[in-house]
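[1] okay, here's the prediction I keep looking at, along with the sequence it came from:
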Amino acid sequence: MKRIIAIIAAVLFCTGLALAEEPQKTIELPAKSGNVIFEHQKHIDMKHTCTPCHTTEAGGKIEGFGKEMAHDVCKGCHAQGTGPTKCTECHHK
C-alpha cells in the first residue's frame, strides 16, 4: 500500500511539473520615460535562480514592484558590470 501511495505521489508531482506554466521569455514593463523590454529568459539563464528578483524560487508577481524597486534591484545588479545602467539603454520610447 505504501508503494502505491508513493507511486501516486510521484506521478502527481511529475504531472504538476509538466503542466507548470513556463515563464514568459520577454516582458514589457510600462514606464513614463519609455517602456522597458525585459528579457526574462535571458536573466533566468544567467542567474539559474529566481530569488535575486522574486521572493521565492516559485517566481510569480513581485509584490510592491515599481520604479523605485526596479531601479534598486535592476540597476544594483547591472552596476556590477552585467548589464545596461543608463536610462536610454533600458527605457525605449
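    Noted; the coordinates are in hand.

[2] residue contacts, residue 24?
    If you count contacts by CB atoms under 8 Å, 6 or more residues apart in numbering, residue 24 has them with 40, 41. (Glycine included, C-beta is placed from N, CA and C.)

[3] mind doing that once more with 6 Å?
    Residue 24 makes contacts with residue 40, as judged by CB atoms under 6 Å, 6 or more residues apart in numbering.

[4] repeat for residue 56
    Contacts of residue 56 by CB under 6 Å, 6+ apart: none found.

[5] same thing but at 10 Å, please
    Residues counted as contacts of residue 56 (CB atoms under 10 Å, 6 or more residues apart in numbering) are residue 50.

[6] my read is it is in a strand, agree?
    No - counting by DSSP: H, G, I helix; E, B strand; the rest coil, residue 56 falls outside a strand, being coil.

[7] so what pLDDT did it get?
    On the pLDDT scale, residue 56 is placed at 88.

[8] gap between it and residue 49?
    To residue 49, residue 56 is 10 Å away according to CB to CB, to the nearest Å.

[9] ok, residue 64 next?
    Applying CB to CB to residue 64 and residue 49 gives a distance of 20 Å.

[10] next secondary structure after the helix-or-strand element of the chain with minimal mean pLDDT?
    Within the chain, no helix or strand scores below helix 2-19, which has a mean of 57 by mean pLDDT, DSSP states H and E. Proceeding N to C from helix 2-19, the next assigned helix or strand is strand 27-29, under DSSP states H and E.
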